[in-house]
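K.L.:
this is a predicted model, with the sequence first.
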Amino acid sequence: MDVLVEGFLEMLAAERGAAGNTLKAYAADLADFERHARAAGESVRAATPALLAGYMASLRGQGLSARTAGRRLSCLRQFYRHLLREGLTERDPCLHLDAPRLPQTLPRVLSEAEVDRLLAACAPAGPMTASPRRLIAHAAIEILYATGMRISEMLGLPSAALAHDLPMLRVSGKGGRERMVPLSEPARAAAAALLVARPGSPWLFAGRDPRRALSRQGFDLVLAEAGRCAGIAPDRLSPHVLRHSFASHMLARGADLRSLQTLLGHADIATTQIYTHVLAARLQHLVETHHPLAAQGAPAGGGLAARGTVLNARDAPVS
């Protein structure tokens, strides 16, 4: 089993650029399945569909969420497809297994007005006056909302990332995949102000020790303070909420899913499709506004409050 898993993980790292955390999670999932197979007196290499079905039933019996069970099934499917391609097994026992039904949940987002309040709270004249915490909050929120990047991607930005006055920013994403994202002028200016106030670190967002990047926990404290100053409850605010807000507001302004997939760094457009609830709302508004039989005087839908561009909601016409 160890040899089979090792080969599978090497393939994921070499061919798909899987991140270290992904490889650890898959190794743990396969070890859990091996324990189940051993208890049933069966071999992982020659696993039967009945063994897989029994394993999935055992996950439900343990009270694991449908999302966790689905991830483990996804791992096993990839594992057995790999064994099949390499000639290490004769059949795929996962072939006819149905994935657990996931609950339909919509991503949490801020309204456009709330984003404006958040940025105003950490602007130079805002109520969040402590420096450099205010500077960190201002630069980070501008960048996260301008680009939709993940918090790990932002905290990993080197100080030299903005050395050249270019309209695009190079981002190193999951699995080492790089992409280019547009950076707005307000975000660039806020980042430049942070660098002037805290020079000498190799990181754009430096921690207390300037030789190290700001930690996720450290940034959470900064963001929470900005949220309090903006009147936004802590349970409604996180770096991922800002990423969701970027994506939802972009779609509301007329961006297409393929472009959004590129900006967010999603490997599969199926991941981007969680935002299609925004497209549904746009279509409903379109019908209500323009259909010949639509009621007269129907309320018009809102665009981005004051910030709209294709970058971060500034200056773009509503589409």
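P.N.:
Cool, the structure landed.

K.L.:
what separation do you get for the spatially most central residue of the chain and L263?
P.N.:
Among the residues of the chain, R150 comes closest to the average C-alpha position under Cα atoms, centre = their mean, at 5.5 Å. R150 is 12 Å from L263, where distance means Cβ to Cβ, to the nearest Å. Any C-beta I mention is one placed from the backbone N, CA and C, and that applies to glycine too.

K.L.:
how does this structure divide into domains?
P.N.:
Domains of the chain are assigned by automatic domain parsing as 2-85, 112-239.

K.L.:
now, of those, which is deepest in the fold?
P.N.:
Most buried of the domains of the chain, by mean neighbour count (mean count of other Cβ atoms under 10 Å): domain 112-239, with a mean of 18.

K.L.:
redo the domains of the chain as TSV? Include mean pLDDT and distance to A255.
P.N.:
Formatted as TSV, the domains of the chain follow (pLDDT from 0 to 100; distance: least, Cβ to Cβ, whole Å):
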stretch	mean pLDDT	distance to A255
domain 2-85	91	26
domain 112-239	91	10
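
K.L.:
in TSV: these, plus distance to T289.
P.N.:
As requested, the domains of the chain are exported to TSV (distance: least, Cβ to Cβ, whole Å):
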stretch	distance to T289
domain 2-85	37
domain 112-239	19
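
K.L.:
tell me which of those sits nearest to A270.
P.N.:
Closest to A270 of these, according to Cβ to Cβ: domain 2-85, at 12.0 Å.

K.L.:
and that closest one, how far from the chain's centre?
P.N.:
Computed by Cα atoms, centre = their mean, to the nearest Å, the chain-centroid distance of domain 2-85 equals 24 Å.

K.L.:
equivalent analysis for stretch 169-189, please.
P.N.:
14 Å.

K.L.:
which residues touch it?
P.N.:
Stretch 169-189 is contacted from outside by 16-19, 22, 139, 142-143, 145-150, 153, 156-157, 161-162, 167-168, 262-263, 265, 267, 309-312, 314, using Cβ atoms under 8 Å, 6 or more residues apart in numbering.

K.L.:
do a quick rundown of the helices in the stretch 201-319 of the chain.
P.N.:
Assigned by DSSP state H, counting those that start in this stretch, the stretch 201-319 of the chain shows helices spanning 216-230, 239-252, 257-264, 269-272, 276-290.
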